[in-house]
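>>> Mind looking at a prediction? Sequence and model below.
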Amino acid sequence: MPSKTLDTLTGATVASAPGWAPPLAVVNQWLTFASLLVGLAFLCWRWWRAWLRERRVRRDVPR
């Protein structure tokens, strides 16, 4: 990344996050947590659907 002196000499301004934005590490933690929750919910949903399907198949079999 260019030094502050070089930025000042070239007249460039360095873009930074607004003051209200959380640090990038916090954003990454929340995104990781959210993706793990979504993955767990998806696996639970798949298990539930398979369980219902198995139950339906067992009920249809004549005894």
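Noted; the coordinates are in hand.
>>> what's around A25, how many residues?
By the measure other CB atoms under 10 Å, the count of residues near A25 is 8. From N, CA and C alone the C-beta is placed, and that goes for glycine too.
>>> if I look at it, how far off is R59?
51 Å (CB to CB, to the nearest Å).
>>> same question, L36
For L36 relative to R59 (CB to CB), the value is 35 Å.
>>> who's more crowded, the two?
Each of L36 and R59 has its neighbours counted (other CB under 10 Å); L36 has more, 10 against 7.
>>> What is the burial count for S35?
10.
>>> Revised request: answer the last question for A50.
Other residues close to A50 by other CB under 10 Å number 10.
>>> What are the neighbouring residues in contact with it?
Contacts for A50 (CB atoms under 8 Å, 6 or more residues apart in numbering) come out as none.
>>> Model confidence score at V61, please.
Looking at V61, its pLDDT is 64.
>>> And D7, by the same measure?
54.
>>> cool, and W20?
pLDDT at W20 comes out at 85.
>>> Could you say which helix or strand holds it?
Following DSSP states H and E, there is no helix or strand that holds W20.
>>> Just read off the phi/psi values of it.
Here is the backbone geometry of W20 (degrees, to the nearest 10): phi -80, psi -10.
>>> Run a quick neighbour tally on it.
Neighbour number of W20 under other CB under 10 Å is 5.
>>> burial of A21, as a residue count?
Residues within reach of A21, counting by other CB under 10 Å, total 10.
>>> how far away is it from V27?
Taking CB to CB, one finds A21 at 8 Å from V27.
>>> R46 now?
Counting by CB to CB - R46 and V27 are separated by 29 Å.
>>> One more: A34?
11 Å.
>>> so who does R58 touch?
Counting by CB under 8 Å, 6+ apart, R58 has no contacts.
>>> so what's the backbone phi/psi at it?
On the backbone of R58 - angles per degrees, to the nearest 10 - the values are phi -60, psi -40.
>>> Lovely, talk soon.
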